[in-house]
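Visitor: Could you work out the structure for the sequence below:
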Amino acid sequence: MKNFYLMAGLWAALFSANAQNVATFENVELQTTSFYNGSDGAGGFYSGGFRFPNDYNADWGSWSGFSVSNMKDSVTAGWQNQYSAITAGGVNNSENYAVVFVSGGLYMELENPAEISGVFVTNSTYTYLSMRDGDDFSKKFGGIDGTDPDYFKLIVSGIDIRGNETAQVEFFLADFRFENSEEDYIVNTWEWFDLKTLGVVTALNFNLESTDIGAWGMNTPAYFCLDDFNGTDPESPSLLAEGGMEDLNLDEESFYNGSDGKGFFTSGGFNFKNSYNADWGAWSGFAASSVTDNQTPGWGNQYSAIPGKGVLESAAYAVSYVSGYSEIEFEPATVSGLYIANSTYSYWSMKYGDDFSKKFGGETGNEPDWFKVTIAGISENGDTTGTLDYYLADYRFENNQENYILDSWEWIDLASLGHISALRFSLSSSDVGAWGMNTPAYFCVDKINHQDLPPVIKEPVPTITNEFTSNEVFYVDLDSVFTDPDNPDSEIQIKLEYIDNSDLLTGSVVKGGKQDEPEITMLALNVTPGMTGQAVIIISGTSNGKKVWHSFNVIFSVPVFIPVPEKWDEVNIYPNPVADVLTITNIPQSAEKIVIIDSRGVQVIQQNLNRHEQFTFYDLRSFPSGIYILRITAGSEIISRKVLKK
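Guide: The predicted structure is shown next:
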C-alpha cells in the first residue's frame, strides 16, 4: 500500500539579495542595562535563524550556555559583573551581544546543516579583569614578573551530518607565551574568529582552556562574548557593485550609445567605454539598451539582445560593437564573471546569412564556422593577466545536431583573470572577407561581477508522523523546499544526503506525479516492516555549484506489518561478507525487484527481476566498505537482509 504524503510547511523568510543569516542578537528585546539568561525556562533563544541554547537552574539561580546582554560595565571586577563585555557594547557599537558561560562544554545544534563563516569574539569584563589583575580564585596572567607562559583560549569544533568531527579551530583570548613580554596580550576588542575551515556542520562544540588550573578544574572564569555570528570577515575585500545597467534608468525601448560625447557610461562599479562620431552618427564600444525586439534582422536592430531582455528578465543590458576592441574599466579587483549573449543582429545574420555575411554551416550545415569573443584581463599597469575564449556560435562538431548559435544568456567565470582593472573584448569569426570579419561584430553583456546566491529554504519539511497507520512507502513532495533567488528553481538539483536511522528508513529522490501534469520531485521513503522509531533526514539543493542543506524528522509510532510467507525463508544471499560478486538464489517468482541501500539510507542499486529465481551482482569492488541493506519486493511483500561489504 502506498500513501502520497503532500508536504505542508510554514513559509520561511527568504534571504534578501546578497544576504546570509547573521545572528546580531538585536532581535532580542531587552530593557536598558539588562540581560536575558534563560530564567524563563525556554532553554534557549533565536537570532538570525540560529538557536542558542542555555540551561537555567531555578533552584540555584544559575545558568550556563548563551545569554544576551546590553550591559556596558567594563570596569567592575568580579562575578557579579558576569554579563558585561570588556568592549562595553557589541560589534560596531551595537547594543546587544551574547555572553557565553561554558560549563564543561557547550554544544550548539544547527536546524539545518551549514557552513558558518565565523564570529566576532572578545573577553567578558569578569574574565578580562581576572586575568589582568588576578582575584581570590584566579591568578594574574604572567605571574608577578610577567614571564609565566599563561594562555586562555576558545576551541570550536564542527560536527558533520554523521556525527563526526570535521575540524577544530582555536582562538587565543589571552596569550602570555611570547619571548618578548611586550607582545603578551589579553583581548579587549572585538576580533574576527574564522570558522569556515570547519566545513559544513550540523553542530558546533565550544570549549575553553587555560593554563590556570586547580584541583577543581580551570580557575580562569569560563566566559567569553560573541557577536555577529555567521557575519562577514572585516578583512574580506570589498566587492565592486554589480554592473547590471538597471541603475541607468533607461526609458522603455531605448538605448544610450554615447551620443553626448562623454566617452563612457557607468553601471555599478564599472565604466563602459564608448566612442561616438557625431559627423557619421556612428559609435563603437558599449551602448546600454532596453530594446526588446529579438525578431527583426539587420543593422537597423543593432541595439537588441537575442534573449529579448536582460538576465533574469531584467529590462536593461549592454550591447557592444567591437571596432578593434571594447573595454570596461574599474577599480582593481577580481571580477567574478559576467553574462553574455548574441545581439539580435549577429544572431540572425549567422543563422540565415545576409547581404554581407554567410549562413553559418553553409547550405549543407557541414561548414565548420565559428564566432567567438576573447576576453583579456588587464592589470593596473596595463599588462595582460590572461585571456578567455567563449564561442558565441560553433559549427565545428562532427554531429551537426551539436552545432549552435547562442540564443540565451550564459555565464562566463572570469575569476581566473586575477586582480585586474579592465576587461578587454575582441571578436573573431571564420567568416572573413577582403575587409576583415563579415560576421556583425556585436555581442551583449549583463550583470558584470554578479555574486551568484546559493539556494535558500523556502518551505521546510515539517516533522512526518504516522500516529494512526503506517505504510511501507511514503512520498514527500520536495519541489517547494528550496528556491534560488537568482536562477530558475527548475535548475536546482535535489539530493538525499543522509538518513541517520537506515534500519527504520531508506529512501531515494524520484520524479513522479499525475498523468498529463508536470513531473514533481519527491522523496520516496521506505519503512521497514515491524519497526517503530524516528530518523533525521538531510536533503540538499544545489544550483550553479552552490548548495544548501535541510533536515527534518520522521517519527513512526505505529509499525508497518506485512506478513512474510514461508517461501521467503528459502532466499539465500552469498557470500556475506562480500568483496566483489554477490549472488541471490531461491528468489520467489513473484519477486519484482532487488534494491541495495547504503549506510546513509540512500538507494545505490535497483534491479528488476522479471521472474528470475537467481540473480548475481558483479563488480561490487568499487563500493565502499560497510553495511548495506538488500531488499527484495513482490507487491506488498518485502524482505530485508544486511550485507557486509569488505
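Visitor: Could you use CA atoms for every contact and neighbour count after this?
Guide: Noted.
Visitor: mind listing the strands for the stretch 251-400 of the chain?
Guide: Using DSSP state E, counting those that start in this stretch, the strands of the stretch 251-400 of the chain run over residues 255-256, 264-267, 270-277, 282-289, 317-321, 326-334, 337-341, 370-378, 384-394.
Visitor: Let me see the mean pLDDT of the last one.
Guide: Right, the one you point to is strand 384-394. Strand 384-394 comes out with an average pLDDT of 97.
Visitor: Now do it against strand 337-341, angle only.
Guide: Relative orientation of strand 384-394 versus strand 337-341 (axes from the mean of the first three to the mean of the last three C-alpha atoms, to 10 degrees): 30 degrees.
Visitor: start the count at 25, not 1, going forward
Guide: In the new numbering, first residue 25, that becomes strand 408-418.
Visitor: Which other helices and strands does strand 408-418 contact?
Guide: Using 3 or more C-alpha pairs under 8 Å, 6 or more residues apart in numbering; DSSP states H and E, the elements in contact with strand 408-418 are strand 394-402, strand 428-429.
Visitor: Output those strands as CSV; include the columns mean neighbour count and distance to residue 209.
Guide: Listed next are these as CSV, based on neighbours: other C-alpha atoms under 10 Å; distance: least, C-alpha to C-alpha, whole Å:
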stretch, mean neighbour count, distance to residue 209
strand 394-402, 21, 44
strand 428-429, 19, 63
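Visitor: rewinding a little: of the strands of the stretch 275-424 of the chain, which stretch is the most buried?
Guide: Greatest average neighbour count among the strands of the stretch 275-424 of the chain goes to strand 341-345 (a mean of 27), per mean count of other C-alpha atoms under 10 Å.
Visitor: just checking, what packs against that one?
Guide: In terms of contacts (3+ C-alpha pairs under 8 Å, 6+ apart), strand 341-345 is packed against strand 306-313, strand 466-470.
Visitor: any chance of those in TSV, plus mean pLDDT and distance to residue 523?
Guide: TSV is the format used below for the helices and strands packed on strand 341-345 (pLDDT from 0 to 100; distance: least, C-alpha to C-alpha, whole Å):
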stretch	mean pLDDT	distance to residue 523
strand 306-313	97	51
strand 466-470	98	42
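Visitor: Can you add mean pLDDT and distance to residue 604 and give the helices and strands packed on strand 408-418 back as a markdown table?
Guide: Below are the helices and strands packed on strand 408-418 laid out as a markdown table (pLDDT from 0 to 100; distance: least, C-alpha to C-alpha, whole Å):
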| stretch | mean pLDDT | distance to residue 604 |
| --- | --- | --- |
| strand 394-402 | 98 | 49 |
| strand 428-429 | 97 | 44 |
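Visitor: Let's have those strands in TSV, adding distance to residue 169.
Guide: Converted to TSV, the helices and strands packed on strand 408-418 look like this (distance: least, C-alpha to C-alpha, whole Å):
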stretch	distance to residue 169
strand 394-402	57
strand 428-429	77
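Visitor: which one of those strands lies closest to residue 328?
Guide: strand 428-429 (15.9 Å; C-alpha to C-alpha).
Visitor: Buried ones in whatever helix or strand comes next after the closest one, by neighbour count?
Guide: Where DSSP states H and E defines the elements, the next helix or strand beyond strand 428-429 is strand 434-437. By neighbour count with 16 or more other C-alpha atoms under 10 Å, strand 434-437 contains the buried residues 434, 435, 436.
Visitor: What of stretch 249-261?
Guide: So, applying 16+ other C-alpha under 10 Å, buried residues of stretch 249-261: 249, 250, 251, 252, 253, 254, 255, 256.
Visitor: Endpoints of it, how far apart?
Guide: By C-alpha to C-alpha, to the nearest Å, the extent of stretch 249-261 from end to end equals 26 Å.
Visitor: Touching it from outside, list them.
Guide: Stretch 249-261 is contacted by residues 44-49, 109, 114-115, 121-124, 140-148, 216, 218 when judged by C-alpha atoms under 8 Å, 6 or more residues apart in numbering.
Visitor: Likewise for stretch 403-418?
Guide: In this structure, residues lying in contact with stretch 403-418 by C-alpha under 8 Å, 6+ apart are 356, 365-366, 392-402, 427-430, 436, 438, 440-446.
Visitor: Residues in contact with stretch 110-119: which ones?
Guide: 50, 94-99, 120-121, 144, 146-149, 152, 212-214, 251-252.
Visitor: who touches stretch 229-248?
Guide: For stretch 229-248, the surrounding residues in contact (C-alpha under 8 Å, 6+ apart) are 106, 109, 123-132, 145-148, 150-151, 154-155, 161-163, 174-183.
Visitor: Buried ones only from those, please, as a ChimeraX command.
Guide: To isolate the buried members of the contacts of stretch 229-248 in ChimeraX, using 16+ other C-alpha under 10 Å:
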select :106,109,123,124,125,126,130,131,132,145,146,147,148,150,151,154,155,162,163,174,175,176,177,178,179,180,181,182,183
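Visitor: Which members of the contacts of stretch 229-248 are positioned in strands?
Guide: Taking DSSP state E, the ones among the contacts of stretch 229-248 that sit in strands are 123-125, 130-132, 145-146, 175-183.
Visitor: Count the residues that sit near residue 506.
Guide: Using other C-alpha atoms under 10 Å, the number of residues around residue 506 comes to 23.
Visitor: nearest residue to it other than its sequence neighbours?
Guide: residue 481 (4.6 Å; C-alpha to C-alpha, 6 or more residues apart in numbering).
Visitor: again, but for residue 68
Guide: Residue 68 sits nearest to residue 77 (C-alpha to C-alpha, 6+ apart), 4.0 Å away.
Visitor: Which residue ranges of the stretch 125-274 of the chain form strands?
Guide: 130-139, 142-146, 175-183, 189-199, 209-210, 215-218, 224-234, 237-238, 241-242, 247-251.
Visitor: And the average pLDDT for the fourth one is what?
Guide: Averaged across strand 189-199, pLDDT comes to 97.
Visitor: Please produce a markdown table containing the strands of the stretch 275-424 of the chain, extended by distance to residue 656.
Guide: Compiled in a markdown table, the strands of the stretch 275-424 of the chain are given as follows (distance: least, C-alpha to C-alpha, whole Å):
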| stretch | distance to residue 656 |
| --- | --- |
| strand 279-280 | 66 |
| strand 288-291 | 62 |
| strand 294-301 | 62 |
| strand 306-313 | 62 |
| strand 341-345 | 57 |
| strand 350-358 | 55 |
| strand 361-365 | 50 |
| strand 394-402 | 54 |
| strand 408-418 | 49 |
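Visitor: Out of those strands, which gets nearest to residue 579?
Guide: With C-alpha to C-alpha as the yardstick, what comes closest out of those is strand 361-365 (45.6 Å).
Visitor: Averaged pLDDT, that closest one. What do you get?
Guide: 95.
Visitor: what's the answer for stretch 649-662, then?
Guide: In this model, stretch 649-662 has a mean pLDDT of 79.
Visitor: Return the distance of that stretch from the chain's centre.
Guide: For stretch 649-662, the distance from its own C-alpha centre to the chain's C-alpha centre is 34 Å (C-alpha atoms, centre = their mean, to the nearest Å).
Visitor: Please report the distance of the most far-flung residue of the chain relative to its centre from residue 350.
Guide: Residue farthest from the centre of the chain, counting by C-alpha atoms, centre = their mean, is residue 303 at 52.4 Å. According to C-alpha to C-alpha, residue 303 and residue 350 sit 21 Å apart.
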